[in-house]
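Trainee: 3D, please:
(chains A and B)
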Protein chains: 2
Amino acid sequence: MTEKAVETVQELFAQIIDLSRETPGQNRAVYSANWVAAQGLVIKFALAHGLQVMVDDFGTVYADLPGQTSSQVVATGSHIDTVTDGGRYDGLYGVLGGLQAVLNLQKDAARLQHTVRLISFSEEEGSRFPTTFTGSKHYIKADQDLDLTDENGVSFAAAKQEAVAKLQAITGVNRGIPAVPACFTELHIEQGPRLELAHAQIGLVTAICGQRRFTIQVHGNANHAGTTPMDQRQDALLAAAELIGKLHSLAGEVSDQLTFTVGQLNVLPNTVNVIPGQVNFTVDCHHDDEATLDHYEQLLRQQVEQLGQRAGFHTEIERWAHDLPTHLDSQLLAANRKLAQKLGLSQLELASGAGHDSEIMSRVTPTTMIFVPSIGGVSHAPAENTSEADLQAGVALLTASLQNLAF
Amino acid sequence: MTEKAVETVQELFAQIIDLSRETPGQNRAVYSANWVAAQGLVIKFALAHGLQVMVDDFGTVYADLPGQTSSQVVATGSHIDTVTDGGRYDGLYGVLGGLQAVLNLQKDAARLQHTVRLISFSEEEGSRFPTTFTGSKHYIKADQDLDLTDENGVSFAAAKQEAVAKLQAITGVNRGIPAVPACFTELHIEQGPRLELAHAQIGLVTAICGQRRFTIQVHGNANHAGTTPMDQRQDALLAAAELIGKLHSLAGEVSDQLTFTVGQLNVLPNTVNVIPGQVNFTVDCHHDDEATLDHYEQLLRQQVEQLGQRAGFHTEIERWAHDLPTHLDSQLLAANRKLAQKLGLSQLELASGAGHDSEIMSRVTPTTMIFVPSIGGVSHAPAENTSEADLQAGVALLTASLQNLAF
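Mentor: Model (predicted):
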């Protein structure tokens, strides 16, 4: 990495994006070389612009613009890590948009009553270790079981120690973890198409959807594809295909806001001339109402059990994720609604289908989110994009919001 | 491999089975160490019992009991190789059952007019190199493109040369390829449940089904599972599941004898929280009537095209295998029918859903097959089994059949 002076947040963005130049998308898995480089760039930029920088033992970066008259903290931020071959804006937009907003306030720092804090959380995506939100969970001191290894057998603890030491060794960085802020605002891309479809520039997030994930196993009988008559088969894939169609229909009957996705499906033995003996697949559901998710889970379990009762078949179901819907702060949202109107920005209130650090932060402090549109709703992919005008509108609203809270 | 004197075909069978003692099933992939050992055991047994042994340059073993008055050859046999973790009888039953039948005739060799030949074909399963029936195809001088490598990058030619040299070096073995026989009979397990369901001890094979294999690609749009509304999705897996159900129904409407199997299905990116952007799956169909297969293929292509015309979807279909139905010799079958009646064996005439060396042999000489029941229809798996009584019945009929043809 060649070091050079960086004047603007735009240049910082370009430097961080360039770290992933050798892969189709953005790759900053937590504690990887790219991750260390990116957080290091954020730290050096913040220090160079006169912010006070602290790095905690999970590698989350806190960059403070101190208030003149109060120790209360108004915070913003998002996560620096990415999914594998992710897009340019997921997480990073909230970190650098937040940094831009803090710099915007710096011009008028004499009027700043409370401290304004930019947070670049270490990890949110769960793309390296089988856990998510470790950065914000560490900040709020939530219980975490982190006896985990990545797919190469590297432990979370070892990866963390090596990477974080490099950040804490940067001259000017304080090692430590600051107190929880008085409020938290996260700027983020929508990652869905609803703002674009509604021609809205800004999304104000009412809630973060609850989410449940299941793994379903369908066991039939593997056998020779050429010699087994059709009426003598227990074809696990045919049965799974029918079940998936039925579960999809039921989801639509329960609520058109209920998302239903079979993202992963594996066939055993997966050979052209063998009738599938087993199919394992995942079901992922999101909705902002817990009772709706309860109702759907009941229907889903009924269908899986019914298939398991067919002669020659056996089914299993495991629920391995159950995140409750989170309602974000209505006062912060109402204030942002007024500010957006004042700025002439069209807006839509919506629930977030994806999870965010805000879900964790809302457990300890009033929290709100500002969304900007994702072109074509694309996210978690190299094609993820937002128009320059919308990116700027989000930062403008965040700046106004932080000013409103901190001045 | 410790060498010891082998008196009976039962002992030879036990020795060959024991070669795979360290794996769940039988493993004699062509030109592997186990394959060399197995063909070597067959050769030594045949030589020890006074048969004339020739090995061709593909490693097929020919063991002749010479006729007294004619150079005409009556042949039987099957293949020595296996699928990965295969059963004990697929292929090997026809080799050793044939060897037993030849030994049975040896007791009365003075009355033997024609030469009787046992053939242990080098390869039929296609489990190591992406090709099948290389042994019988070499024997009948069929064109073969064998510029192939196995999954470790070993070429067919190199593997063949090293393995076959070991067999041809055995003292008493002639190197060469004998003329095509006057007729060929293959003894084999059914590999399906029809004989067992019909309570028949013997199957007389009228034809070998035609087979077509396709790969179908369904392209939709990968996207975030939590943030993409249900009515904004092009979910490739939901579409593929529906298509598979439809193709299965259509197969049943066309003919209840048409087998339809989706054995292999792969999802991309196959991640729990990403809507599948692409699904690739195989379709394997067998039927003994080419016009029926033509008709079904037409319906299948229509369905795939229809899906490809849905907004946001794109489909591709490739047919990569097209084997015509093969009608076996009706005179040889009629003779076996009478012999089975004489022996008091219950019998069923049926088409073979699986391919066999007989399909290749029938191109150059009158060919017939004798099936024995597979318990539960299980094959290509360690649980493959046939009762001792049925194994003996098959050898008894083969002995009678060879005697009828050669005396």
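Trainee: what kind of secondary structure is the closest residue to chain B within the stretch 51-200 of chain A in?
Mentor: Taking Cβ to the nearest Cβ, chain B has its nearest neighbour within the stretch 51-200 of chain A at A:Gly192, 3.2 Å off. Heads up, the C-betas are built off the backbone N, CA and C, glycines and all. The assignment at A:Gly192 comes out as coil when based on DSSP: H, G, I helix; E, B strand; the rest coil.
Trainee: What is the neighbour count of it?
Mentor: A:Gly192 is flanked by 27 other residues according to other Cβ atoms under 10 Å in any protein chain shown.
Trainee: quick one: is the helix or strand harbouring A:Gly245 near chain B?
Mentor: Assigned by DSSP states H and E, A:Gly245 falls within helix A:236-254. Yes: against chain B, helix A:236-254 shows contacts by Cβ under 8 Å from any Cβ of the partner chain at A:Leu237, A:Leu238, A:Ala240, A:Ala241, A:Glu242, A:Ile244, A:Gly245, A:His248, A:Ala251, A:Gly252.
Trainee: Poorly predicted segments of chain A, please.
Mentor: Where chain A drops to pLDDT under 70, the residues are A:1-5.
Trainee: Quick one: the residues of helix A:236-254 next to chain B as TSV, columns for neighbour count too.
Mentor: What follows is those, written out as TSV (neighbours: other Cβ atoms under 10 Å in any protein chain shown):
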residue	neighbour count
A:Leu237	27
A:Leu238	23
A:Ala240	27
A:Ala241	28
A:Glu242	18
A:Ile244	26
A:Gly245	15
A:His248	19
A:Ala251	21
A:Gly252	12
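Trainee: rewinding a little: ok, the spatially closest residue to the residue of the stretch 51-200 of chain A closest to chain B that is not a sequence neighbour to A:Leu92 distance?
Mentor: Leaving aside its sequence neighbours, A:Gly192 sits nearest to B:Thr227 (Cβ to Cβ, 6 or more residues apart in numbering or on different chains; 3.2 Å). Distance from B:Thr227 to A:Leu92, counting by Cβ to Cβ, to the nearest Å: 17 Å.
Trainee: swap in A:Ala101?
Mentor: A:Ala101 is 14 Å from A:Leu92, by Cβ to Cβ.
Trainee: about what we covered before: name the next helix or strand downstream of the helix holding A:Gly245, please.
Mentor: Counting by DSSP H and E, what follows helix A:236-254 is strand A:259-261.
Trainee: Can you list the strands that that next one pairs with?
Mentor: Partner strands and pairing direction for strand A:259-261 (DSSP bridges) are strand A:278-287 (antiparallel).
Trainee: got the buried residues for the helix or strand following the partner strand?
Mentor: Sequence order places helix A:290-308 as the next helix or strand after strand A:278-287, per DSSP H and E. Of the residues in helix A:290-308, A:Thr292, A:Leu293, A:His295, A:Tyr296, A:Glu297, A:Leu300, A:Gln303, A:Val304, A:Leu307, A:Gly308 count as buried by neighbour count, 16 or more other Cβ atoms under 10 Å in any protein chain shown.
Trainee: farthest pair in those residues?
Mentor: The most widely separated members of these, counting by Cβ to Cβ, are A:Thr292 and A:Gly308 (24.9 Å).
Trainee: Then A:Gln39 would be within a strand, right?
Mentor: No: going by three-state DSSP, the assignment for A:Gln39 is helix, not a strand.
Trainee: Does it touch A:Ile170 like I think?
Mentor: No: using Cβ atoms under 8 Å, A:Gln39 makes no contact with A:Ile170, being 9.4 Å away.
Trainee: ok, those two, which is more surrounded?
Mentor: Neighbour tally, A:Gln39 and A:Ile170, criterion other Cβ under 10 Å: the higher count belongs to A:Gln39, 28 against 14.
Trainee: can you tell me how far the residue nearest the centre of chain A sits from chain B?
Mentor: Centroid-nearest residue in chain A, with Cα atoms, centre = their mean: A:His356, separated by 4.5 Å. Look at A:His356 and chain B: by Cβ to the nearest Cβ, to the nearest Å, they are 10 Å apart.
Trainee: so how far is A:Gln52 from the closest residue to A:Ala46 other than its chain neighbours?
Mentor: Computed as Cβ to Cβ, 6+ apart, the closest residue to A:Ala46 that is not its neighbour in sequence is A:Ala63, at 3.8 Å. Between A:Ala63 and A:Gln52 the distance is 7 Å, computed by Cβ to Cβ.
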